[in-house]
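Asker: pasting the structure only:
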């Protein structure tokens, strides 16, 4: 289910397939860089690594090289002691979204909001009004559009005026939002249609409960558990 919020409140609720019709004017933005971690088991707690060439001796001096069978046995023992999470297919937004949402206020200055995104290493944040209702989405890519920025030879006053503007002037609004039980393939369709790097997640009452980005979906593809993909 797709919901669209603007400064006047809820504007639309209906199928995601209607996104292209109800959101024809949203600007395209870029996704954040993806940080990928390796799947190599972490043996830091035990003080040594079975992939290393030597086993520890009683005196703390490297001993004889481990055979491959011994290393595999030690690794298996470690996995029994610390079993991996239960694997299950990822199908819905709730499976991959970030529940701790960083937001900015529509009345914040562009400078305040920009600094908040930089400090937290984020590319976007939902925008809330004074009552805490979702009204838009702020993206760094949107802020950096050439037609929005002053020219390099403009005076410092022009640049200060830009930074003093309220977020409500530069945010993407109306903004689409999805519910936690939305299928990931429908989310992908929405992101393709709008060009947005991510969308807010709201409950049936319209309360903000998370944010889901392209990076969240890509991480789900890279890491466990597996993503349930199909065509059609």
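Answerer: All right, it came through fine. Predicted model only: the values in this text are computed from it and were never measured.
Asker: please make it C-alpha for all contacts and neighbour counts, starting now.
Answerer: Will do.
Asker: so where do the strands sit in the protein?
Answerer: Here the chain has its strands, by DSSP state E, at 2-6, 9-14, 54-56, 62-65, 104-105, 124-128, 134-139, 175-178, 198-202, 208-213.
Asker: out of those strands, which is closest to residue 191?
Answerer: Residue 191 lies closest to strand 198-202 among the strands of the chain, at 6.9 Å (C-alpha to C-alpha).
Asker: which secondary structure elements does the closest one contact?
Answerer: In terms of contacts (3 or more C-alpha pairs under 8 Å, 6 or more residues apart in numbering; DSSP states H and E), strand 198-202 is packed against strand 175-178, strand 208-213.
Asker: nearest to residue 158, of the strands of the chain?
Answerer: Across the strands of the chain, closest to residue 158 is strand 134-139 (C-alpha to C-alpha), at 21.1 Å.
Asker: which residues are contacting that closest one?
Answerer: 5-9, 29, 106, 123-129, 167-168, 170-175, 206-208 (C-alpha atoms under 8 Å, 6 or more residues apart in numbering).
Asker: so what's the nearest residue to residue 138 once chain neighbours are set aside up against?
Answerer: Of all residues not flanking residue 138 in the chain, residue 171 sits nearest, at 4.7 Å (C-alpha to C-alpha, 6 or more residues apart in numbering). By C-alpha under 8 Å, 6+ apart, the contact set of residue 171 is 127, 136-139, 142.
Asker: what would the residues you listed look like in TSV with distance to residue 98, pLDDT and neighbour count?
Answerer: Formatted as TSV, these follow (distance: C-alpha to C-alpha, whole Å; pLDDT from 0 to 100; neighbours: other C-alpha atoms under 10 Å):
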residue	distance to residue 98	pLDDT	neighbour count
127	16	97	27
136	18	95	29
137	16	96	29
138	17	94	27
139	17	91	24
142	22	79	19
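Asker: any idea which of those is closest to residue 214?
Answerer: Of all the contacts of residue 171, the one with the least separation from residue 214 (C-alpha to C-alpha) is residue 139, at 13.6 Å.
Asker: is that closest one in a bridge, and if so with what?
Answerer: Beta-bridge partners of residue 139, counted by DSSP bridges, are residue 124.
Asker: ok, now how distant is the closest residue to residue 114 other than its chain neighbours from residue 112?
Answerer: With sequence-adjacent residues excluded and distances taken as C-alpha to C-alpha, 6+ apart, residue 114 is closest to residue 140, at 7.4 Å. For residue 140, the distance to residue 112 (C-alpha to C-alpha, to the nearest Å) stands at 13 Å.
Asker: of the two, which one has the most company?
Answerer: Taking other C-alpha atoms under 10 Å, residue 140 and residue 112 do not tie; residue 140 has more neighbours (18 against 15).
Asker: which residues touch that one?
Answerer: With C-alpha under 8 Å, 6+ apart, residue 140 has these contacts: 114, 117, 123-124.
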